[in-house]
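Undergrad: with the input below, show me the fold.
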Amino acid sequence: MSTKIAIICSKAFMNRIISIAQNIADVQLEFYLYNHPSEAPTLMKQIKPCDALLLGGTLPYLHAQSLLSEIPIPWNYIKQDETAISTTLLSLVAKHSVAIDRISIDVMNPAFVDNVLTEIEYTGPKPHVQHISITEPTEHILQRHITLWNAKSIEFVITSIHSVFDELQALHIPAMRMLDTTNSILQCLEETKSKSLLTKSEAFKAVVGLLEIQGDSSIESTILNQIAKATFSTYKQIAAHTFELYTTAGHLQNALERESLEELIQQIEQPFKLAFGYGYSILEATQNAQQALTFTKPFEIFILDEHKNLLGPFPNSEGKVSLKTDEPYVLQMAKLTSLSPLNISKLINFSHDRQSAQFTSQNLAEYLQVTRRTTERIIKKLVDNGYANVVGEEMTHQQGRPRTIYELNFATY
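TA: Just a heads-up that it's a prediction; the model follows:
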């Protein structure tokens, strides 16, 4: 499957990146456009299921920075650097023969302009540099450019802000946008794709669990099955009252974050020990689980990762995700689809837990722990109301009906 990247940017940047992205295989772009970078936090709330997020510049990144730690997917942003500044200055001087000191330029880091001029051994009068900061309205930067133009102190403006460029164009003041080089954009797209693939590979790392529990066979079997269900594990008995479970890092982490495992173990009255080991092989994961078990006391869970970091004891108060059913858009969806707010919240968590934006009815049925028929009714309600789309089919066997592939079509972050 291709890597789906959500991009928050201006319309001008979208037009540029579309042509460049054609050089990267297996990448699908979905755009969320702003008129001003300050709209980036609002747009983040509208992002539909995807594999990674890319912000089209340093300014939208700074506006959205406080929210980035909350999203469950990798993110990246196009950084302004000396290469962009030097390329833009060269283009302007070559095309318009404008003297350096007759330019007004706004940048995120004024030191970059000095560095470029130093590198080319320029010793003449410097350009008028305007420092961009999210604490200052962009209208102030626009006004400084206009003031310099009206005073006949400059002949041209270079701006990093697309809305400022549009305003200058409307006033017939000669201006150009800062040029992000094709190579820089390509490199950033490749980096974003790689982050997504790395996140997926991390989630699929092997995890082995060891459960020791004392009790009669019926209680023992019930507890084992509940833990296996919460962590999407298979298991086998390796000794009296000792069981080995097999799952992935992604499934275990999701069980911890959703509190399903925590809620379960708090209901267990029989003394037990549960330890998990991460590894790049089953053997390594088993060895780490055995080592983690030596630290575990009754009614506790410990994890030893592949880097020998001991995590725990669980349950604790970190990394929890609460299901909220009071969000207005959730209630609106519930009204239109006749699905309960709780089921919609589960769909949102299903999207977070998936390592791909695409899914089949079987994937959703396994997650919700309901029948395929119930799942298909849920999906039909979503599709009928525009909250899910059919995006393809997959044929898993030579005979039989192909499985329909879906994508959710509403904001889940």
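Undergrad: what's the span of stretch 42-59 from first residue to last?
TA: Start-to-end span of stretch 42-59 (C-alpha to C-alpha, to the nearest Å) is 14 Å.
Undergrad: swap in stretch 209-223?
TA: Start-to-end span of stretch 209-223 (C-alpha to C-alpha) is 14 Å.
Undergrad: just the buried residues of it, please?
TA: For stretch 209-223, a neighbour-count test (16 or more other C-beta atoms under 10 Å) marks 209-213, 215, 220, 223 as buried. Using the backbone N, CA and C atoms, a C-beta is placed for each residue, glycine as well.
Undergrad: got it, and stretch 280-290?
TA: Neighbour-count burial for stretch 280-290 flags 284-286, 288-289 (criterion: 16+ other C-beta under 10 Å).
Undergrad: okay, it in CSV with CA atoms only?
TA: C-alpha atoms of stretch 280-290 as CSV (Å, rounded to 0.1, in the frame of the first residue of the first chain):
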residue,chain,number,x,y,z
TYR,A,280,13.7,-8.1,16.6
SER,A,281,13.1,-11.9,16.8
ILE,A,282,10.9,-14.2,18.8
LEU,A,283,14.0,-15.5,20.6
GLU,A,284,15.2,-12.0,21.6
ALA,A,285,11.7,-11.1,22.7
THR,A,286,11.4,-14.3,24.8
GLN,A,287,14.7,-13.6,26.5
ASN,A,288,13.7,-10.1,27.4
ALA,A,289,10.3,-11.2,28.7
GLN,A,290,12.1,-13.8,31.0
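Undergrad: any weak-confidence spans in the stretch 151-300 of the chain?
TA: 216-217, 219 (pLDDT under 70).
Undergrad: which residues in it form helices?
TA: 162-170, 182-203, 217-231, 249-257, 260-265, 282-293 (DSSP state H, counting those that start in this stretch).
Undergrad: and the first one, what does it pack onto?
TA: Okay, so that is helix 162-170. helix 11-21, helix 138-150, strand 156-159, strand 175-177 (3 or more C-beta pairs under 8 Å, 6 or more residues apart in numbering; DSSP states H and E).
Undergrad: check what contacts the first one and list those residues.
TA: In this structure, residues lying in contact with helix 11-21 by C-beta atoms under 8 Å, 6 or more residues apart in numbering are 7, 9, 27, 29, 31, 33, 56-57, 78, 162, 165, 177, 180, 182, 185-186, 189.
Undergrad: quick check: mean pLDDT of it?
TA: In this model, helix 11-21 has a mean pLDDT of 90.
Undergrad: and for stretch 50-61?
TA: For stretch 50-61, the mean pLDDT works out to 94.
Undergrad: what's the first-to-last distance across that stretch?
TA: This stretch, stretch 50-61, spans 18 Å end to end (C-alpha to C-alpha).
Undergrad: please apply the same query to stretch 242-257.
TA: End residues of stretch 242-257 are separated by 26 Å (C-alpha to C-alpha).
Undergrad: of all the helices of the stretch 151-300 of the chain, which lies closest to residue 352?
TA: helix 249-257 (7.9 Å; C-beta to C-beta).
Undergrad: so which elements touch that closest one?
TA: In terms of contacts (3+ C-beta pairs under 8 Å, 6+ apart), helix 249-257 is packed against helix 182-203, strand 206-213, helix 217-231, helix 341-353.
Undergrad: residues of that helix that come out buried?
TA: Neighbour counts over helix 249-257 (16+ other C-beta under 10 Å) mark 249-257 as buried.
Undergrad: and the contacts of stretch 289-304?
TA: The contact list for stretch 289-304, computed with C-beta under 8 Å, 6+ apart, reads 208-210, 212, 252, 261, 265, 268, 271-278, 288, 310-315.
Undergrad: and for stretch 193-207?
TA: Under C-beta under 8 Å, 6+ apart, the answer for stretch 193-207 is 3, 5, 24, 26-27, 51-52, 73-76, 246-253, 276-282, 284-285, 306, 355-356.
Undergrad: send the alpha carbons of that stretch over as PDB?
TA: The C-alpha trace of stretch 193-207 is given here as PDB (Å, rounded to 0.1, in the frame of the first residue of the first chain):
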ATOM      1  CA  LYS A 193       7.700   8.700   4.000                       C
ATOM      2  CA  SER A 194      10.600   7.000   5.800                       C
ATOM      3  CA  LYS A 195       9.400   8.100   9.200                       C
ATOM      4  CA  SER A 196       6.000   6.500   8.400                       C
ATOM      5  CA  LEU A 197       7.600   3.300   7.300                       C
ATOM      6  CA  LEU A 198       9.800   3.200  10.400                       C
ATOM      7  CA  THR A 199       6.800   3.800  12.700                       C
ATOM      8  CA  LYS A 200       5.000   0.900  11.100                       C
ATOM      9  CA  SER A 201       8.100  -1.400  11.400                       C
ATOM     10  CA  GLU A 202       8.400  -0.400  15.100                       C
ATOM     11  CA  ALA A 203       4.700  -1.200  15.700                       C
ATOM     12  CA  PHE A 204       5.200  -4.700  14.200                       C
ATOM     13  CA  LYS A 205       8.200  -5.600  16.400                       C
ATOM     14  CA  ALA A 206       7.800  -9.000  18.000                       C
ATOM     15  CA  VAL A 207       6.500  -9.100  21.600                       C
END
